[in-house]
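Enquirer: what follows is a predicted structure for the sequence shown.
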Amino acid sequence: MLNLDFFGNNFFLKKIYPEGIYNSIFIKDIMISLNGNSEFSFFIKQEPLFPVKKWGKWEKDFNALWVKTSSNVRFKGVLISNPDRLGFNKLDIYVEDFCQIFISQKENSHVNLSLFKNDRFIIQNVIPIFI
């Protein structure tokens, strides 16, 4: 399950997914800046419990949500191996040893971002799309 408390400005996603987001989160982009101003985006392939009228109907007008985030975060660690082979792979986020861990792996590809526990990626945009 994706714990939306790992993100700032999460009110909208909590409203349309009041029971949580399960096993349908896929990594899209990671842009890391040395000054901390970094971006991170992912897809949610789970139908919202509460529809948004202006988006249309699930599976007819869109089948995923593209969540774009950015923030001035402090990374405790970054490990990236063969990112071009990841594709749209499952994303897991959890807390371990006072850090938030963002991890995605597939065969010999791996992305692992460790953020200090109090740092948050801030949700900037949620876009309905077809993938």
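Expert: Yep, that arrived. Fair warning: this is a prediction, and the values are worked out from it, not measured in the lab.

Enquirer: between the two ends of stretch 11-30, how far is it?
Expert: Taking Cα to Cα, to the nearest Å, stretch 11-30 runs 22 Å from one end to the other.

Enquirer: tell me who's in contact with the most centrally placed residue in the chain.
Expert: Closest to where the C-alpha atoms of the chain average out (Cα atoms, centre = their mean) is Phe42, at 4.0 Å. Under the criterion of Cβ atoms under 8 Å, 6 or more residues apart in numbering, the neighbours of Phe42 are Ile25, Phe26, Ile27, Lys28, Trp66, Val67, Leu91. Quick note: C-beta positions are derived from backbone N, CA and C, even for glycine.

Enquirer: then Asp84?
Expert: Asp84 touches Ser109, counting by Cβ under 8 Å, 6+ apart.

Enquirer: mind checking the SS state of it?
Expert: With DSSP: H, G, I helix; E, B strand; the rest coil as the basis, Asp84 sits in helix.

Enquirer: separation between it and Ser109?
Expert: Here Asp84 is placed at a distance of 8 Å from Ser109 (Cβ to Cβ, to the nearest Å).

Enquirer: show me the two of the contacts of Phe42 that sit farthest apart.
Expert: By the measure Cβ to Cβ, Trp66 and Leu91 form the most distant pair in these, at 13.0 Å.

Enquirer: the more surrounded of those two?
Expert: Leu91 (21 against 17; other Cβ atoms under 10 Å).

Enquirer: so Trp66, which state does it fall into?
Expert: strand.

Enquirer: quick one: contacts for it?
Expert: Lys28, Ser41, Phe42, Phe43, Asn125, Val126, Ile127, Pro128, Ile129.

Enquirer: and the pLDDT at it?
Expert: For Trp66, the pLDDT comes out at 96.

Enquirer: please name the bridge partners of it.
Expert: Phe43, Ile127 (DSSP bridges).

Enquirer: please tell me how far it sits from Pro128.
Expert: 8 Å.

Enquirer: what do you get for Ile103?
Expert: 26 Å.

Enquirer: what do you get for Val95?
Expert: 29 Å.
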